[in-house]
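Colleague: here is a sequence with its predicted model. Questions after.
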Amino acid sequence: MKILLIEPAKAPLTIGGEDVFIYEPLALEYVAAGVSGDHDVRILDMRLEKDLEGTFKHFSPDVVGITSYTVHVNTVKKLFEKLKGWNHKVLTVVGGHHATMVPEDFLSPFIDLIVMGEGVFTFKEIIARFEKKEGFDGIAGVAITKKDRLIKIPSPNTTNLDAFPFPDRRLTAKYRRDYYSEWMKPLASMRTSKGCPYRCRFCAQWKLAEGRYLKRNPERVVEELAGLEEKNVFFADDESLFDSQRMKNLAGLIKDAGIKKQYFLYGRSDTIVRNPKLLEMWRKIGLERVFVGFEFLKDEDLNYIRKSSTTNDNEKAIKILQDLDVEIYASFILRQEFNKSDFRAIRDYCRDLKLSLVSFAVLTPLPGTDLYEEVKPQLLTHNYDYFDFIHTLLPTTLPLKQFYEEYYQLYKKAIPLHKQFLVALRRFPLREILPLIKKGNRVLNQLKNAYRDY
């Protein structure tokens with residue numbers, strides 16, 4: 001049987017996405033691993049390869065599966081409509097984060113099945129039934145449309161991450177040199193854990209894991225890591241450092257195995273502050289960068305989103321990472337209530353603490369989060385193309401044009417221009433700097449003019 005799995009591209013209106021970074025489609029590689037031994041499976045990464053029609057007609061798949069975050073919902077539904085138009089007999093399956101949180105959004109005559117939760121074993125069962133020409137009733141983790149109504153069978157509670165096969169990275173071989181995050185290119189991704197014990201108001205990841213923190217066996221992680229060709233590795237965990245003993249064991253195993261890589265992972269500021277020696281251990285085996293969601297400069301704002309960390313934690317974490325010469329990918333959130341002085345305060349904060357890489361996201365109530373349920377009546381739009389963390393979904397205190405001018409200037413001035421240039425010279429080949437500047441300016445101009453999209 002022929003199976004085509006698709007990673008969708010962003011919508012034209014959406015800002016950011018693959019214009020800023022492209023991570024490998026790990027979820028599709030996992031799903032593919034469950035069926036590729038028995039079937040002809042291909043992955044089409046539409047962020048890098050646009051010819052869906054040519055691929056579809058040349059490959060002629062029996063089944064097409066597409067993954068979707070919230071920002072991709074409209075795009076994915078349009079893709080399924082095209083696919084059914086080319087061949088109404090093809091079995092169409094949607095999965096991913098948004099399908100898990102709000103499967104009702106994929107009620108469509110062009111979508112046959114909706115997969116909720118971890119899709120590896122669910123998709124394998126779908127393919128087995130389809131091959132035998134059996135029905136799909138009763139498959140755990142599947143939602144089916146019947147008479148304009150969605151019949152949902154709850155997803156099984158998967159707690160053993162080691163039960164999953166290794167992702168089938170052979171299927172992304174032709175794309176792998178193009179997966180990157182800033183200077184880390186090519187960049188491989190792998191999962192070592194799932195879930196988060198915290199309850200942030202703006203995040204749904206803890207709900208996907210039902211509040212648990214699930215961990216893979218460190219020996220399995222090292223086995224998979226040893227098979228990666230890329231020098232740069234991103235740990236696609238919700239929070240990699242939470243279980244400090246696990247990470248100490250993993251670091252020891254990596255060192256003993258003689259694996260030489262450069263690592264990029266997520267870490268909370270309070271976790272970093274509690275475990276400076278752990279960060280030192282990881283620095284010695286190749287930790288290059290940590291993404292830290294500092295979020296806000298005021299504890300009252302951190303309390304509002306239930307972050308459970310403090311501004312004091314943030315400043316201590318910055319000091320720890322800077323002393324270790326670990327690059328900080330600092331992430332901040334902009335509230336719609338911010339005025340000019342708030343934007344200026346963030347700019348000064350970044351400069352005073354000598355940050356060299358920052359991102360700023362507008363507070364975004366994603367479906368499935370507690371925040372979304374609280375503010376849903378206030379949303380300016382329900383068009384998912386706007387759910388990109390750049391377009392505001394809530395009314396701003398400043399006029400929209402002024403809000404986005406301040407937002408634009410924040411990116412321009414939070415890191416001094418000479419420092420941006422020196423960092424680029426140190427991190428990027430000379431031939432890449434001019435294209436990098438041009439791409440960055442293009443995205444920034446989109447941001448500056450985002451108010452026009454309303």
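Modeller: Arrived safely, thanks for sending.
Colleague: pretty sure residue 325 sits in a strand.
Modeller: No. Counting by DSSP: H, G, I helix; E, B strand; the rest coil, residue 325 is not found in a strand; it is coil.
Colleague: residue contacts, the closest residue to it other than its chain neighbours?
Modeller: Spatial nearest neighbour of residue 325, chain neighbours left out: residue 283 (7.5 Å); criterion: CB to CB, 6 or more residues apart in numbering. Where you see a C-beta, it was placed from the backbone N, CA and C, and this is true even at glycine. Residues near residue 283 by CB atoms under 8 Å, 6 or more residues apart in numbering: 324, 325, 326.
Colleague: neighbour-wise, which of these leads?
Modeller: residue 326 (19 neighbours; other CB atoms under 10 Å).
Colleague: what does it show for phi and psi?
Modeller: Taking degrees, to the nearest 10, you get phi -100, psi 130 for the backbone angles of residue 326.
Colleague: how much space between it and residue 173?
Modeller: Distance of residue 326 to residue 173, given as CB to CB, to the nearest Å: 31 Å.
Colleague: report how many residues lie close to residue 417.
Modeller: Counted with other CB under 10 Å, the neighbours of residue 417 add up to 9.
Colleague: and it, what are its phi and psi?
Modeller: Backbone geometry at residue 417, expressed as degrees, to the nearest 10, gives phi -60, psi -40.
Colleague: who touches residue 189 in this structure?
Modeller: 23, 24, 26, 179, 233, 234, 235, 236.
Colleague: just residue 77 next, same as before
Modeller: 106, 108, 110, 111.
Colleague: highest neighbour count among these?
Modeller: In terms of neighbours by other CB under 10 Å, the contacts of residue 77 top out with residue 106 at 26 neighbours.
Colleague: closest one of the contacts of residue 283 to residue 354?
Modeller: Each of those was scored against residue 354 by CB to CB, and residue 325 proved nearest at 12.5 Å.
Colleague: which residues in the stretch 301-450 of the chain form helices?
Modeller: Along the stretch 301-450 of the chain, the segments classed as helices by DSSP state H, counting those that start in this stretch run 311-323, 340-352, 370-375, 400-413, 417-427, 430-448.
Colleague: who's in contact with the fifth one?
Modeller: Helix 417-427 is touched from outside by 182, 183, 356, 357, 415, 433, 436, 437, with contacts defined as CB under 8 Å, 6+ apart.
Colleague: swap in 6 Å and give it another go.
Modeller: Contact partners of helix 417-427, identified using CB atoms under 6 Å, 6 or more residues apart in numbering, comprise 183, 356, 433.
Colleague: same question for that helix, mean pLDDT?
Modeller: Averaging pLDDT along helix 417-427 gives 90.
Colleague: for that helix, what is the distance to the chain centroid?
Modeller: Here helix 417-427 is found 26 Å from its chain centre; the criterion is CA atoms, centre = their mean, to the nearest Å.
Colleague: enumerate every residue touching residue 253.
Modeller: By CB under 6 Å, 6+ apart, residue 253 lies in contact with 218, 222.
Colleague: packing partners of the helix or strand containing residue 151?
Modeller: Taking DSSP states H and E as the definition, residue 151 sits inside strand 149-152. Counting contacts by 3 or more CB pairs under 6 Å, 6 or more residues apart in numbering; DSSP states H and E, strand 149-152 is packed against strand 142-146.
Colleague: what helices or strands is the strand it packs on leaning on?
Modeller: Against strand 142-146 (3+ CB pairs under 6 Å, 6+ apart) you get strand 149-152.
Colleague: which outside residues touch the strand it packs on?
Modeller: Contacts of strand 149-152 (CB under 6 Å, 6+ apart): 104, 143, 144.
Colleague: specify which member of the residues you listed is nearest to residue 407.
Modeller: Closest to residue 407 out of the contacts of strand 149-152 is residue 104 (32.5 Å), distances taken as CB to CB.
Colleague: for the closest residue to that closest one other than its chain neighbours, give the beta-bridge partners.
Modeller: Of all residues not flanking residue 104 in the chain, residue 150 sits nearest, at 5.8 Å (CB to CB, 6+ apart). Residue 150 has these beta-bridge partners by DSSP bridges: residue 145.
Colleague: what distance do you get for residue 150 to residue 99?
Modeller: Taking CB to CB, one finds residue 150 at 11 Å from residue 99.
Colleague: between the two, which has more neighbouring residues?
Modeller: Using other CB under 10 Å as the criterion, residue 150 and residue 99 rank with residue 99 on top: 27 against 13.
Colleague: let me see the contact set for that one.
Modeller: Going by CB under 6 Å, 6+ apart, residue 99 touches 106, 114.
Colleague: show the pLDDT at the nearest residue to residue 378 once chain neighbours are set aside.
Modeller: Spatial nearest neighbour of residue 378, chain neighbours left out: residue 394 (5.6 Å); criterion: CB to CB, 6+ apart. Residue 394 is assigned a predicted lDDT (pLDDT) of 98.
Colleague: next, count neighbours for residue 394.
Modeller: 16.
Colleague: repeat for residue 232
Modeller: Neighbour count for residue 232, taken as other CB under 10 Å: 22.
Colleague: distance-wise, check it relative to residue 86.
Modeller: Note on residue 232: its distance to residue 86, by CB to CB, is 38 Å.
Colleague: and residue 168, by the same measure?
Modeller: Counting by CB to CB, the gap from residue 168 to residue 86 is 26 Å.
Colleague: look at those two and report which has more neighbours.
Modeller: The neighbour count for residue 168 versus residue 86, taken as other CB under 10 Å, is higher for residue 168 (20 against 12).
Colleague: rewinding a little: send me the strand holding residue 151 as CSV with only the CA atoms.
Modeller: The C-alpha coordinates for strand 149-152 follow below in CSV (Å, rounded to 0.1, in the frame of the first residue of the first chain):
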residue,chain,number,x,y,z
ARG,A,149,-21.6,14.3,14.0
LEU,A,150,-18.2,13.4,15.3
ILE,A,151,-17.9,10.0,17.0
LYS,A,152,-14.8,10.0,19.2
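Colleague: next structured bit after that strand?
Modeller: As assigned by DSSP H and E, the chain's next helix or strand after strand 149-152 is strand 180-181.
Colleague: hang on, the earlier thing: got a quick ChimeraX command for the buried subset of the contacts of residue 189?
Modeller: This is how ChimeraX selects the buried members of the contacts of residue 189, with burial counted by 16 or more other CB atoms under 10 Å:
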select :23,24,26,179,233,234,235,236
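Colleague: having no further points to raise, I will conclude here.
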